[in-house]
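Visitor: Task: produce atomic coordinates for the following.
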Amino acid sequence: RKNKWLLYIIMIFFLTYCNLKLLLNVVTVPHFTKQSVEKEKSIINQEIRMYKDDPYWKMHFSLLEALYYKDTIKADPAGTESSVAVVTPKLLYDTHRMFYTAENMVLCVCGDIAPDEVEDIVRKYLKPLQKGDVKRVGCNEPKDICKKRVESFMDVAAPLFAIGIKCDDLQIGEERIQACAENEIILQLVFGKSGEFYNRCYEEGLLGD
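Guide: Below is the predicted model:
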């Protein structure tokens, strides 16, 4: 029985590192063909058209449209059918080469593992940052909101609404942590379930999911 449990432990130990290698290999070794890309483009376009009929999705991006002038956060991450059409295997390979690097990744491993072995595996599979022509371009987003209100009309069982607040951008650090805590307190006071706004909307049947 002891030998049996020892065998199980060895198998788990072995599979843990095999799975880590497999994970890193999947992430770091891309494989794009013209056929696979065209097939995926068709699937993405179907999803784009599907989400256009989703009232919650439409509401979410209407809110972002109201808040932002040109920040890319207001763009659908799936893109548009026209932007999907220009994607090629070369574009995907170039994107992967420039951004799927160790400097842009975080790996979290937990359990009964040997840190040195994990580090050796990671160094083998993750390539260093590629020096190239990557440029991070800011959009100089104004601090004020773009539009006070955006309305859309769809066939829905009940009206839907969303409220957004545009905050100043903060640097990462203690200032950001404090501001997030303060904002959370303010949001709870104004929109929390014990507040007047929430209860009024609840009684009028305006609150759903």
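Visitor: Going along the chain, name the helices of this structure.
Guide: 2-28, 34-51, 55-67, 81-85, 89-99, 115-125, 174-191, 196-203 (DSSP state H).
Visitor: Quick one, which of those gets closest to residue 154.
Guide: Evaluated with CB to CB, these place helix 55-67 nearest to residue 154, the distance being 5.3 Å. Where you see a C-beta, it was placed from the backbone N, CA and C, and this is true even at glycine.
Visitor: Lowest average pLDDT across the helices of the chain?
Guide: The stretch with the lowest mean pLDDT among the helices of the chain is helix 2-28, at a mean of 69.
Visitor: any chance of the helices of the chain in TSV, with mean neighbour count and distance to residue 106 too?
Guide: TSV is the format used below for the helices of the chain (neighbours: other CB atoms under 10 Å; distance: least, CB to CB, whole Å):
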stretch	mean neighbour count	distance to residue 106
helix 2-28	12	12
helix 34-51	12	26
helix 55-67	16	26
helix 81-85	12	28
helix 89-99	14	14
helix 115-125	13	11
helix 174-191	11	18
helix 196-203	12	36
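Visitor: Make JSON lines from the ones you listed and add distance to residue 73 to it.
Guide: Shown next, in JSON lines, are those (distance: least, CB to CB, whole Å):
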{"stretch": "helix 2-28", "distance to residue 73": "25"}
{"stretch": "helix 34-51", "distance to residue 73": "16"}
{"stretch": "helix 55-67", "distance to residue 73": "6"}
{"stretch": "helix 81-85", "distance to residue 73": "16"}
{"stretch": "helix 89-99", "distance to residue 73": "18"}
{"stretch": "helix 115-125", "distance to residue 73": "31"}
{"stretch": "helix 174-191", "distance to residue 73": "17"}
{"stretch": "helix 196-203", "distance to residue 73": "25"}
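Visitor: among the ones you listed, which is nearest residue 140?
Guide: helix 55-67 (15.5 Å).
Visitor: Name the surrounding residues that touch that closest one.
Guide: 51-52, 73-74, 76, 145-152, 154, 156, 160-164, 166, 209 (CB atoms under 8 Å, 6 or more residues apart in numbering).
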